[in-house]
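> A structural model of the following input is requested.
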Amino acid sequence: MIGNPNGRLPNMRTLRTARTATAPLLVLAALAACTPAPDPTGDGGAAADPDSQQAAPAIEGVESFYGEYGDYVTVMAAIQDGEVTAEDLEYPFVAQQEHVDAQNGWDGQPPVYEMTPPAGGNHLGQWQTCTGSVYDAPLVDGHAVHSLEHGAVWLTYDPELVEQAAVDALALLIQKRDYALMSPYPGQGVPVSLQSWGNRYQTDDPADQVIEDYLDEYVQNERFNPEAQAPCSGGVNTTAEG
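Now for the predicted structure:
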């Protein structure tokens, strides 16, 4: 899905010199000049189209964990083409989607993530309900990560660093959005963090305008949505505290 697979200009019919007028030659030259040059990163794969280009972060300050591939669609295409494996990635979790509780020998413990709050990775089989859902206690990470897989954005805040009035204001942003959820995350070390699959934005200011911008950009963003149209309703409504 990356680059021009053919590495050559579109085929044109050979013109016989004896019968070619000057005007047609000029037209052909103009067409050739307007034809995009081959992408030097082309690897002979399928032709790229405008809807399959890498998606650079649209908002300043957003952390992307896709590396050179830019988004979920592109990195998965590279894996399927044999260009790279998940283990070769700097952040393998962007391509890891196993339900740990469905595996043989599961020890009954939810997955533990190297990055907290997590922004992807293997998770539990039930997603956390994320229909503008505001929770007053921490969630089980493995359920929330499953919600990210469905295209949700998870807003977390450190209750030691955010005053209640700011928490209430953030809740209003979440409550009006499907495919969004919010919960406290004690010890996360930054007042507010927003996670979607493979992306994250963190801020010290609970009134940061980018919080709303991130929600607008990444909720159900097809470039970063491993399971398009998967539901956010009907999931787990309990918290880590029961």
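
> what bits of this protein have low per-residue confidence?
By pLDDT under 70, the low-scoring segments of the chain are 1-57.

> show me where it has helices.
22-34, 72-80, 141-149, 164-175, 209-218 (DSSP state H).

> hey, what's the angle from the fourth one to helix 209-218? Just curious.
Which is helix 164-175. Comparing the axes of helix 164-175 and helix 209-218 via axes from the mean of the first three to the mean of the last three CA atoms, to 10 degrees yields an angle of 20 degrees.

> go through helix 164-175 and flag the buried ones.
Using 16 or more other CB atoms under 10 Å as the burial criterion, the residues of helix 164-175 that qualify are 166-167, 170-171, 173-174. All C-beta spots, glycine's among them, are computed from the backbone N, C-alpha and C.

> stretch 177-184 too?
Taking 16+ other CB under 10 Å as the basis for neighbour counts, the residues of stretch 177-184 that come out buried are 177, 179-184.

> residue 208 - how many residues pack around it?
Applying the criterion other CB atoms under 10 Å, we find 17 residues in the vicinity of residue 208.

> got the phi and psi for it?
Recorded main-chain torsions at residue 208 are phi -60, psi 130, according to degrees, to the nearest 10.

> the protein: strands as residue ranges?
Taking DSSP state E as the criterion, the chain carries its strands at 63-64, 131-134, 153-157, 180-184, 192-196, 199-203.

> which strands or helices does the second one pack on?
Other elements packing on strand 131-134 under the criterion 3 or more CB pairs under 8 Å, 6 or more residues apart in numbering; DSSP states H and E are helix 164-175, strand 180-184.

> pull up the pairing partners for it, direction included.
For strand 131-134, sheet partners with direction are given as strand 180-184 (parallel), following DSSP bridges.

> pull the residues that contact the partner strand.
Surrounding strand 180-184, the residues in contact under the criterion CB atoms under 8 Å, 6 or more residues apart in numbering are 128-130, 132-139, 144, 147, 152-159, 170-171, 174, 215, 219, 232, 239.

> relative to residue 197, which of the helices and strands packed on strand 131-134 is closest?
Between residue 197 and these, the shortest separation by CB to CB is 13.5 Å, and it involves strand 180-184.

> between the buried residues of helix 164-175, which is closest to residue 204?
Distances from residue 204 to these, taken by CB to CB, are shortest for residue 166, at 11.4 Å.

> surely that closest one meets residue 204?
No: taking CB atoms under 8 Å as the definition, residue 166 is not a contact partner of residue 204, at 11.4 Å.

> on that earlier part again, buried deepest among the helices of the chain, which one?
Neighbour counts averaged per stretch over these are highest for helix 141-149, at a mean of 26; criterion: mean count of other CB atoms under 10 Å.

> what's that helix in contact with?
Under CB under 8 Å, 6+ apart, the answer for helix 141-149 is 97, 100, 110-113, 116-121, 123-130, 154, 181, 183, 195-197, 226-227, 230, 232, 235-236.

> show me which residues of stretch 231-242 are buried.
232, 235-236, 239.

> of those, just say which sits nearest to residue 77.
Closest approach to residue 77 among the buried residues of stretch 231-242 (CB to CB): residue 232, at 25.7 Å.

> quick one, what contacts the closest one?
Shown here is residue 232, whose contacts under the criterion CB under 8 Å, 6+ apart are 127, 129-131, 147, 150-152, 178-179, 181.

> go on, residue 210?
Shown here is residue 210, whose contacts under the criterion CB under 8 Å, 6+ apart are 59-61, 201, 203.

> switch these over to CSV; also include distance to residue 85 and neighbour count.
As requested, the contacts of residue 210 are arranged in CSV below (distance: CB to CB, whole Å; neighbours: other CB atoms under 10 Å):
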residue, distance to residue 85, neighbour count
59, 29, 13
60, 31, 8
61, 30, 13
201, 28, 25
203, 34, 17
